[in-house]
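this one's structure only:
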């Protein structure tokens, strides 16, 4: 079998990153080996995201550059997958006429055959059919040799249809994997050196709704917590309306579950939340935050926020800032509203001018930076346990890892520490990371 060089570029969320990992593993037995640079590749695969216009434009710009490369190297295959491919299908060829393959989110498992057809054919291959079941969500991705953490997909799709969100249209309806298959994959990963898993789904809180065995997300977490050799469990993303008291209680009862939750709120205005079809109020949200902090006082809470949603007034915006001041998130992913074709929000009146959206976003991000730095400074002098992931990006002599609350910590150390949990005393606090010094302790602790 002739070896073919494969270069994958990924845009978007952790789900897309994991999809790319699965694709690389799926194609390896068919003779595809990773290329370090696009110029070395026989196949360039772009895994796209369409949740915001900026992500889509980045993908199109990159595809334009790869098209120039293909003109110099006609035998190069260009494949486009992910949410943008699912949403627009054959229309992508109008913008990327040199693409050889367009494949949607339900068709990753067909890639060996699709690529073979693209290589043999004279016209582009397009496959964007939705399927009743998505075989690729259960395909394990071989971790890198020195990897410490890994993603595990537990479900795909979404049934919520928030008015701004394209996900149900490009990922389909919810489908949960069987608990036994998830546990088997995690044990397989642990046997290969993985110490931390992040459970993935568009709304992990509703895990089990499509199963007939009574499985739910809290039960799944308890089962995973019992796996020998696994040190830490994380998950993303959670919809606030489905955050149950049972799940909140897991932060107190399950020792391996990291005290961090990403809980997107999107707006602090009840009027805007209703227009977004989020199906909770600001009071509901803050009540759940209070319960989380009561169950686990050290919990780190991060969120998403959209500014400039259609109809958002200055009063609505001030309600968002007020919620931020009350909750004081540890970190926040914030965005200007980006209209997405096919979503209900495109029909809403009251579009906010771009310059107003930019002003609101700048002030909101400045406020969140203050809160994040404030939170990080409370860590000064504290002793934390850090799962070491590798060398620091900022200083080669430093190692880097994360606390259970998902804070990055850099500290002087050696490569032999990768994969180990080490105690570190925090000596420096910055906007995006902490710095510390390693020390020895007699027993285990927590952070």
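Structure's in. What do you need? Please read these numbers as outputs of a predicted model, since none were measured by experiment.

distance of the residue most central in space within the chain relative to residue 150?
Compute the mean C-alpha point of the chain, and by CA atoms, centre = their mean the closest residue is residue 14, 2.8 Å away. Remark: distance between residue 14 and residue 150 (CB to CB, to the nearest Å) = 11 Å. Where C-beta positions appear, they are placed from N, C-alpha and C, glycine not excepted.

what's the overlap in contacts for the two?
With contacts defined as CB atoms under 8 Å, 6 or more residues apart in numbering, the residues adjacent to both residue 14 and residue 150 are residue 198.

please give me every residue in contact with the nearest residue to residue 214 once chain neighbours are set aside.
Take residue 214 and drop its neighbours on the chain: the residue closest to it by CB to CB, 6 or more residues apart in numbering is residue 208, 7.6 Å away. Counting by CB under 8 Å, 6+ apart, residue 208 touches 176, 214, 215, 216, 217, 219, 220.

list phi and psi for residue 336.
phi -80, psi 140 (degrees, to the nearest 10).

now it, which residues is it bridged with?
Judged by DSSP bridges, the bridge partners of residue 336 are residue 307.

rewinding a little: most neighbours among the contacts of residue 208, which one is it?
Counting neighbours by other CB atoms under 10 Å, residue 217 leads those with 27 neighbours.

if I look at it, how far off is residue 223?
In terms of CB to CB, residue 217 sits 11 Å off from residue 223.

then residue 131?
28 Å.

then residue 37?
Going from residue 37 to residue 223 by CB to CB gives 42 Å.

likewise for residue 209?
17 Å.

again, but for residue 174
20 Å.

more crowded one of the two?
Per other CB under 10 Å, whichever of residue 174 and residue 223 has more neighbours is residue 174, with 20 against 15.

what's near enough to touch the more buried one?
Going by CB under 8 Å, 6+ apart, residue 174 touches 155, 156, 157, 158, 159, 202, 203, 206, 209, 210.

per-residue confidence for the nearest residue to residue 167 once chain neighbours are set aside?
Excluding the flanking residues, the one nearest residue 167 by CB to CB, 6+ apart is residue 158, at 4.9 Å. With respect to pLDDT, residue 158 has a value of 96.

just checking, residue 255 touches residue 225?
Yes. Using CB atoms under 8 Å, residue 255 is in contact with residue 225, at 6.8 Å.

looking at these two, which is more packed in?
Neighbour count, other CB under 10 Å: between residue 255 and residue 225, residue 225 has more, with 15 against 10.

picking that back up, out of the contacts of residue 208, which is nearest to residue 362?
Each of these was scored against residue 362 by CB to CB, and residue 217 proved nearest at 36.4 Å.

and the pLDDT for the closest one?
On pLDDT, residue 217 comes in at 98.

report how many residues lie close to the spatially closest residue to it that is not a sequence neighbour.
Distance criterion CB to CB, 6+ apart; nearest residue to residue 217, sequence neighbours excluded, is residue 207 at 4.2 Å. Residue 207 sits with 27 neighbouring residues when counted by other CB under 10 Å.

so how far is residue 328 from residue 207?
Taking CB to CB, one finds residue 207 at 29 Å from residue 328.

now residue 378
From residue 378 to residue 328 the distance is 11 Å (CB to CB).

for stretch 8-15, give me every contacting residue.
Against stretch 8-15 from outside (CB under 8 Å, 6+ apart): 16-17, 19-20, 23-24, 34, 38, 44-49, 51, 55, 58-59, 62, 82-83, 151, 153, 156, 198, 200, 202, 236.

which of the residues you listed are buried? Put it as a PyMOL command.
Command for PyMOL that selects the buried part of these, burial taken from 16 or more other CB atoms under 10 Å:
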select buried, resi 16+17+19+20+23+24+38+44+45+46+47+48+49+51+55+58+59+62+82+83+151+153+156+198+200+202+236
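
let's see which of the contacts of stretch 8-15 end up in strands.
Within the contacts of stretch 8-15, residues falling in strands by DSSP state E are 34, 44, 45, 46, 47, 48, 151, 153, 156, 198, 200, 236.

and of those, the nearest to residue 424?
Nearest to residue 424 out of the ones in strands among the contacts of stretch 8-15 is residue 198 (CB to CB; 21.6 Å).

the closest one contacts residue 154, doesn't it?
No. Contact between residue 198 and residue 154 fails when scored by CB under 8 Å: they sit 10.2 Å apart.
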